[in-house]
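Chemist: Structure, please.
(chains A, B, C and D)
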Protein chains: 2
Amino acid sequence: MIRTNTAFLDFILANRGRYPEDSVQEISIDKGLELIRQRSSVNAVFIIKEGMAKCSLYQDDGTDFILEFFGVGEVMGEIEMLNNEFSFAAVEALTPMTVLRVKKDRFNELLSKDQKFNHHVLKLLAEKVRYKATRFSFNQTHTLEQTLTEMFKDMPDLLEVISKKDLVSYLGITERSLNRTLKILKKRVM
Amino acid sequence: MIRTNTAFLDFILANRGRYPEDSVQEISIDKGLELIRQRSSVNAVFIIKEGMAKCSLYQDDGTDFILEFFGVGEVMGEIEMLNNEFSFAAVEALTPMTVLRVKKDRFNELLSKDQKFNHHVLKLLAEKVRYKATRFSFNQTHTLEQTLTEMFKDMPDLLEVISKKDLVSYLGITERSLNRTLKILKKRVM
DNA sequence: AAAAGTAAAGGACATTTGTCCCACCTGTAA
DNA sequence: TTACAGGTGGGACAAATGTCCTTTACTTTT
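Modeler: From the prediction side, this is the model:
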């Protein structure tokens, strides 16, 4: 459930020497900082080298829904770059992070000039579509209890890594429901 | 809610004369035919010229969840092509269709040799991510009544175009719930 | 038109999730 | 120590959705 993409990160790290000066900058991000603000224009693509972020969508009614947790290697801002639109989601650091920053012009240049870079971006987008589809499909057709059971199978230390509040937003439920179901699951284990 | 992408279709239609012989074949599809079978290998990309299809995911428990309704210009099979994996979803014609078929090798060739083609594919993938994210976010955080209200605003003739069974699978609910809510909405209008 | 068979709609009750609020814990200021 | 504030978990009830089965409506056959 925390997305990673080491293939792309490794590729960038191995090749950045060949790119024009300053194409890829490494920057440190404090926990809690908002890397991308919703409905603002985005002028760089970010790749996570260390740390974790959440990508969420604030809705009109005040609720916020977490689309994805981004881990090492995940890429942010490329959707907006390609559609040339304002960001449709927000990205916020959940831990201190180190990210690689590629400015808009450089990103587009790499896309058109470096075939391997281009192919990585295509694959990464395809993977985002695939993952979103399967995740949402599962959530829509299963109860919270089933969904949580799956998540713990995948990641037993879930609650140490992600706060209850974030988990609630990720699942689109209330804190009450989460607590209730966690209690049921705890009983089940004993 | 029925996705379309005329930009890409127009581009293909305008340029196919320049592509090698037989790169883009036009084929007719009967209603009900399964263009892409889930968990099978995909060896061509399809673009809809006429008609409509559903893209769905059959789950282990027998339920099937409709990810998207594909209308004119929508592209199918490109995710599998890029990830070089078996199809994760199935696509079935809901009406008689005409589709443009681009074989795997040709598709990859166009991707690497035709920069505009490449850019169209990038944009189309980005748009799929964006759309899925906003749709699912909305559904997860709203009741069926709210979701249906929005859908009818967008498309008053919804029920003439899409069968109740498909609508049910698209929303991940039961037929009973749909009927109940439709009745409530009908009362509301009067 | 009557009978039989099939698909769609809806009633009654069960389960899941949400809302509201209270009790309890912890830390801190008086 | 007391009193107050903020946060966390949970009880009680409400609302939304699912399950099961009956009823209604619509076709087809005779």
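
Chemist: Hmm, residue A:74 and residue A:4 touching each other?
Modeler: Yes - contact criterion CB atoms under 8 Å: residue A:4 and residue A:74 qualify, at 6.4 Å. C-beta: built from backbone N, CA, C; applies to glycine.

Chemist: Name the residue in those two with the higher neighbour count.
Modeler: The neighbour comparison of residue A:4 against residue A:74 (other CB atoms under 10 Å in any protein chain shown) goes to residue A:74, with 25 against 15.

Chemist: which residues does the more buried one contact?
Modeler: A:3-5, A:47-48, A:53, A:68 (CB atoms under 8 Å, 6 or more residues apart in numbering or on different chains).

Chemist: Can you point out the buried residues in the helix or strand where residue A:112 lies?
Modeler: When elements are assigned from DSSP states H and E, residue A:112 belongs to helix A:104-113. Across helix A:104-113, burial judged by 16 or more other CB atoms under 10 Å in any protein chain shown covers A:104, A:106-107, A:109-111.

Chemist: For the helix or strand following it, name the packing helices and strands.
Modeler: Counting by DSSP H and E, the element after helix A:104-113 in chain order, helix or strand, is helix A:115-141. Other helices and strands packing on helix A:115-141, by 3 or more CB pairs under 8 Å, 6 or more residues apart in numbering or on different chains; DSSP states H and E, are helix A:6-15, helix A:78-83, helix A:104-113, helix A:144-154, strand B:53-58, strand B:64-70, helix B:78-83, helix B:115-141.

Chemist: Redo those as a markdown table? Include distance to DNA strand C and mean pLDDT.
Modeler: Converted to a markdown table, the helices and strands packed on helix A:115-141 look like this (distance: least, CB to the nearest atom of the strand, whole Å; pLDDT from 0 to 100):
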| stretch | distance to DNA strand C | mean pLDDT |
| --- | --- | --- |
| helix A:6-15 | 34 | 96 |
| helix A:78-83 | 27 | 94 |
| helix A:104-113 | 38 | 95 |
| helix A:144-154 | 3 | 95 |
| strand B:53-58 | 17 | 96 |
| strand B:64-70 | 15 | 96 |
| helix B:78-83 | 29 | 94 |
| helix B:115-141 | 8 | 96 |
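
Chemist: Adding distance to DNA strand D, write the ones you listed out as a markdown table.
Modeler: Below are the helices and strands packed on helix A:115-141 laid out as a markdown table (distance: least, CB to the nearest atom of the strand, whole Å):
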| stretch | distance to DNA strand D |
| --- | --- |
| helix A:6-15 | 33 |
| helix A:78-83 | 28 |
| helix A:104-113 | 38 |
| helix A:144-154 | 11 |
| strand B:53-58 | 16 |
| strand B:64-70 | 11 |
| helix B:78-83 | 27 |
| helix B:115-141 | 9 |
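
Chemist: Nearest to residue A:125, out of those?
Modeler: Residue A:125 lies closest to helix B:115-141 among those, at 3.8 Å (CB to CB).

Chemist: chain center to that closest one: distance?
Modeler: Computed by CA atoms, centre = their mean, to the nearest Å, the chain-centroid distance of helix B:115-141 equals 12 Å.

Chemist: How about stretch A:160-180?
Modeler: Here stretch A:160-180 is found 17 Å from its chain centre; the criterion is CA atoms, centre = their mean.

Chemist: so does it get close to DNA strand C?
Modeler: Yes - residues of stretch A:160-180 contacting DNA strand C under CB under 7 Å from any atom of the strand: A:172-174, A:176-177, A:180.

Chemist: So which of the residues you listed belong to helices?
Modeler: If you go by DSSP state H, these have A:176-177, A:180 in helices.

Chemist: Relative to DNA strand D, which of those residues is nearest.
Modeler: Distances from DNA strand D to those, taken as CB to the nearest atom of the strand, are shortest for residue A:176 (5.1 Å).

Chemist: Since that was my last question, I'll sign off now.
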